[in-house]
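Asker: Task: produce atomic coordinates for the following.
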Amino acid sequence: MTYSVKFLPHNVSVEVDDNESLIRAAMEAGVHINASCGGGGVCGKCRVLIEEGNVEGGISEQLSAEDQDKGYRLACMSQIASDIVVRIPIESEIDTSRLNQMTGSRHTAKAVYANVDELRQDGLFIPPVEKIYLELEPATAEDNQADVARLINHLRLKHDEHRLTMNLALIRKIADIIREGEFKVTVTIMRPVREDGKNEIVNIEPFDTTDRNFAIAVDIGTTTVFGQALDLQTGEVLSQHGEFNSQISYGEDVISRIIFTEKGDGLEILHQKVIETINTILDKIVKKAGIGRHEVTTITLAGNSTMTQLLLKINPSYIRRDPYVPTSVMYPPFHASEIGIALADHTVALIYPGVSSYVGGDIIAGVMASGMYRSSELTLYMDIGTNAEIVIGHKDWMVCAAASAGPAFEGGGVKFGMRASKGAIEDFSIDPETYEPMIITVGNKKAKGICGSGLIILAAKLLETGVIDSRGKFNRNLDIPRIRKTDDIWEYVLVYKENTQIDRDITITEPDLDNLIRAKGAMYSATLTLLEEIGLTIHDLERVILAGGFGSYVDLESAITIGLLPEIEPEKVTYLGNGSLLGCKINSLTNALRRDVANVVNMMTNFELASTTSYMDHYMGALFLPHTELNYFPKVKARLERLRKL
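Answerer: Coordinates of the predicted model:
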């Protein structure tokens, strides 16, 4: 028996089998429903309204009695029992406007060789894939050498190009192309990483097309995917665009996605979803840049180890199992069309290498972009997210680790948590006398949730005003209506329901704060652990680089107040933005960086925190705001003491 499921407000319908789960039906229909826990019924984010028809189940303690009476159910726990009409609430809406908005970063980290003029001055502006125009001698009865030989000999004698190779597919086309161009052609050559490697001729075009040489840079994040179109003649970014990774409907984090790949055709589904996202971005950026897909000679991609293996359709199962081994950390160049990327057959794909199961190519790309591998300053590079990766070191050595911070920084694990889209609370202050809040939302819209950067500011301000203590517990002695107990959980009301988009009070709860404390504790303790393992302390750090979109928005003072970041002078903190994308851009502009990448990967020592004895001790100490050891935060300690006396 099959049933019809109609999703509103999208007006999308799909036919499903009896007892199919509602969240699976949504996936089949291409409709996004928040599912932070991967469909385990734990987070309560996938609430939907059943307007017509019946479902079995879908009720849990995550739904209030009022919501249940209205017809709300959890999609992941609901089995379809009839034709139904389902309304997706506004909190599941995907809003990409913030993704494609330039961030007003407090600082901008200078990327090594990001300036094209510097590349030219240093003789390094040689893209991995280069075009060369040739005017060949026409074939005659006296000179009837083979077309391939004529081409290769001309490159060797006139352009000092050696160790040239060509594949069979191109050999099949070369005779017609040479004659179409009247023996005037442009060849595209893929440069090797090693100086003694082979130079592969990957394409040949009639006439002179050297002024039409373009590249694509792509950062594949767990949550978002960003792409840029680059002009390899000028180094200019012609266009850029970001989309949410379509895989998020199958799990918010890498672990839930890995689990999904282990069921049926899960690997194929997630592979296709990320390819679809990349192709959607390609559609937008090549159109905006005014370039043809056949004019793109290279695409450079970077992602964490799981995202990279899903992109390449490589089984990621062993990444999450002890001893946490990825299939590979290095990948050879290949033709992008081989994996379904909608570019010409000759377009070469370059994948950033990683270090371990949880320190992937996105981190290496960011390290390269930040230039820390050329600096003598002891630097902490931190990519804040669900899988929080950190690198410590300088030009002589580096150590790295990944801390399982959880999804709190991206809105997961928080009752009203959400991504930074319109309606998300992103800034907050509180009157120290009345304890009444003042909030600012993304886009200045009515509130519908709290984003990660807003959560950090919330916790800091609540701590400074004494609304919560160092454990994240509310001050029970404050007799104010906004602090209340609901279903045995203490909470603070940020916005009453009549002023929200979701017809519910938006609150911050003690479990929310506990999840934030665990997340920030994982990151800070990872930093302490790495420093201790190499015989250094937090006070030895000379520079901090924050990477990722979150790092561009986070309020530095609040992040230090809650103990997420070490207490360091603001001028020593730089905001790199999307370091992964910037690393892909630089890789597209200079082949020299590709050679440096291998050296950086080889010099980096990875620590598995789960098997590092000191990590758990540091972690337990970090489960306070800002920390049990306040000597790590003397300025925060002094400020809190001063505020308490006011």
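Asker: Only C-alpha atoms from now on, for both contacts and neighbour counts.
Answerer: Fine.
Asker: So for stretch 66-83, mean pLDDT?
Answerer: On average, the pLDDT along stretch 66-83 is 88.
Asker: how far does that stretch sit from the chain's center?
Answerer: Stretch 66-83 has its C-alpha centroid displaced from the chain centroid by 32 Å (Cα atoms, centre = their mean, to the nearest Å).
Asker: again, but for stretch 314-331
Answerer: Stretch 314-331 sits 19 Å away from the centroid of its parent chain (Cα atoms, centre = their mean).
Asker: Contacts for it next, please.
Answerer: Stretch 314-331 has contacts (Cα atoms under 8 Å, 6 or more residues apart in numbering) with 255, 258-259, 261-262, 267, 305-306, 309-310, 350-358, 360.
Asker: let's see 10 Å
Answerer: 254-255, 257-262, 267-268, 271, 305-310, 312, 350-361, 598, 601, 608, 611 (Cα atoms under 10 Å, 6 or more residues apart in numbering).
Asker: now swap in stretch 180-187 and tell me
Answerer: For stretch 180-187, the surrounding residues in contact (Cα under 10 Å, 6+ apart) are 130-139, 147, 151, 155, 174-179, 201-210.
Asker: Okay, and which of those residues map to strands?
Answerer: Within the contacts of stretch 180-187, residues falling in strands by DSSP state E are 130-135, 201-206.
Asker: where exactly do the strands run in the stretch 301-450 of the chain?
Answerer: For the stretch 301-450 of the chain, the strands defined by DSSP state E, counting those that start in this stretch occupy 334-335, 348-351, 379-383, 387-393, 398-404, 424-430, 437-441, 449-450.
Asker: can you tell which of those is closest to residue 72?
Answerer: strand 449-450 (18.0 Å; Cα to Cα).
Asker: Can you pull out the residues in contact with that closest one?
Answerer: Residues outside strand 449-450 that contact it (Cα under 10 Å, 6+ apart) are 91, 410-412, 414-427, 441-442, 456, 458, 494-495, 500-502, 505-508.
Asker: Show me how to select, in ChimeraX, the buried members of the contacts of stretch 180-187.
Answerer: The ChimeraX selection below is limited to those of the contacts of stretch 180-187 classed as buried (16 or more other Cα atoms under 10 Å):
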select :130,131,133,134,136,147,151,155,174,177,178,201,202,203,204,205,206,207,208,209,210
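Asker: now stretch 542-561, how far from the chain's geometric center?
Answerer: 16 Å.
Asker: Am I right that residue 619 is in contact with residue 563?
Answerer: No: at 11.8 Å, residue 619 does not count as touching residue 563 under the criterion of Cα atoms under 10 Å.
Asker: Between these two, tell me which one has more neighbours.
Answerer: Neighbours of residue 619 and residue 563, each counted by other Cα atoms under 10 Å, are more numerous for residue 563; the result is 27 against 21.
Asker: Contact partners for the more buried one?
Answerer: Neighbour list for residue 563: 460, 517, 520-521, 523-525, 557, 622-627, 630, 632-633, 636 [criterion: Cα under 10 Å, 6+ apart].
Asker: From the residues you listed, list the buried ones, please.
Answerer: 460, 517, 520-521, 523-525, 557, 622-627, 632-633, 636.
Asker: In helices only, show me these.
Answerer: Assigned to helices by DSSP state H, the following of the buried ones among the contacts of residue 563 qualify: 460, 517, 520-521, 523-525, 557, 636.
Asker: which one of those residues is nearest residue 73?
Answerer: Within those, proximity to residue 73 (Cα to Cα) peaks at residue 517, which comes in at 29.6 Å.
Asker: Could you list the domains of this structure?
Answerer: Structurally, the chain divides into domains by automatic domain parsing as follows: 2-92, 101-124+366-646, 128-206, 237-351.
Asker: Which one, of these, ends up nearest to residue 218?
Answerer: Checking these against residue 218 by Cα to Cα gives domain 237-351 as the closest, at 4.7 Å.
Asker: For the stretch 151-300 of the chain, just list every one of the strands.
Answerer: Along the stretch 151-300 of the chain, counting by DSSP E, counting those that start in this stretch, strands occupy 164-166, 184-190, 199-206, 214-220, 224-231, 237-244, 296-303.
Asker: Tell me which of the ones you listed lies nearest to residue 77.
Answerer: Evaluated over the strands of the stretch 151-300 of the chain, closeness to residue 77 peaks at strand 237-244, with 24.4 Å, by Cα to Cα.
Asker: how about stretch 572-579: buried residues?
Answerer: Neighbour counts over stretch 572-579 (16+ other Cα under 10 Å) mark 573-579 as buried.
Asker: Can you tell me which of the residues you listed end up in strands?
Answerer: Counting by DSSP E, the buried residues of stretch 572-579 place 573-577 in strands.
Asker: Looking at the residues you listed, which is nearest residue 18?
Answerer: Nearest to residue 18 out of these is residue 577 (Cα to Cα; 46.7 Å).
Asker: isn't that closest one right up against residue 546?
Answerer: Yes: between residue 577 and residue 546 there is a contact under Cα under 10 Å: 7.4 Å.
Asker: thinking again about what came up before, include distance to residue 215 when you put the domains of the chain into CSV, please.
Answerer: Output for the domains of the chain, formatted as CSV (distance: least, Cα to Cα, whole Å):
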stretch, distance to residue 215
domain 2-92, 30
domain 101-124+366-646, 7
domain 128-206, 9
domain 237-351, 5
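Asker: averaging pLDDT over each of these, which comes out lowest?
Answerer: Least confidently modelled of the domains of the chain is domain 2-92, at a mean of 83 by mean pLDDT.
Asker: Mind giving me the ChimeraX command for buried ones among the contacts of strand 449-450?
Answerer: Only the buried entries of the contacts of strand 449-450 go into this ChimeraX selection, using 16+ other Cα under 10 Å:
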select :91,410,411,412,414,415,416,417,418,419,420,421,422,423,424,425,426,427,441,442,456,458,494,495,500,501,502,505,506,507,508
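Asker: ok, the one residue sitting closest to the centre of the chain - contacts?
Answerer: With distances taken as Cα atoms, centre = their mean, residue 221 lies nearest the centre of the chain, 2.6 Å away. Applying Cα under 10 Å, 6+ apart to residue 221 gives the contacts 244-245, 274, 302-304, 306-308, 362, 548, 580-581.
Asker: re earlier: got any residues that touch both of residue 619 and residue 563?
Answerer: In the contact map built from Cα under 10 Å, 6+ apart, the residues linked to both residue 619 and residue 563 are 520-521, 523-525, 627.
Asker: Let me have those residues in JSON lines, adding distance to residue 332 as columns.
Answerer: Below are the shared contacts of residue 619 and residue 563 laid out as JSON lines (distance: Cα to Cα, whole Å):
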{"residue": "520", "distance to residue 332": "36"}
{"residue": "521", "distance to residue 332": "37"}
{"residue": "523", "distance to residue 332": "32"}
{"residue": "524", "distance to residue 332": "35"}
{"residue": "525", "distance to residue 332": "36"}
{"residue": "627", "distance to residue 332": "45"}
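Asker: quick one: residue 285 from residue 278, how far?
Answerer: Relative to residue 278, residue 285 is positioned 11 Å away (Cα to Cα, to the nearest Å).
Asker: Looking at these two now, which is surrounded by more residues?
Answerer: Applying other Cα under 10 Å to residue 285 and residue 278 shows that residue 278 carries more neighbours, namely 25 against 22.
Asker: List the contacts of the more buried one.
Answerer: Contact analysis of residue 278 by Cα under 10 Å, 6+ apart lists 218-220, 225-227, 242-243, 245-246, 272, 311, 340-342.
Asker: closest to residue 11 among these?
Answerer: Set against residue 11, the nearest of the contacts of residue 278 by Cα to Cα is residue 246 (19.3 Å).
Asker: In space, what's closest to the closest one - neighbours in sequence excluded?
Answerer: Using Cα to Cα, 6 or more residues apart in numbering and skipping residues adjacent in sequence, the residue nearest residue 246 is residue 273, 5.5 Å away.
Asker: and residue 402, how many neighbours does it have?
Answerer: Residue 402 has 26 neighbours, counted by other Cα under 10 Å.
Asker: repeat for the one 5 residues further on
Answerer: Burial of residue 407, expressed as a neighbour count using other Cα under 10 Å, amounts to 23.
Asker: Check residue 587 too.
Answerer: When neighbours are counted by other Cα under 10 Å, residue 587 registers 27.
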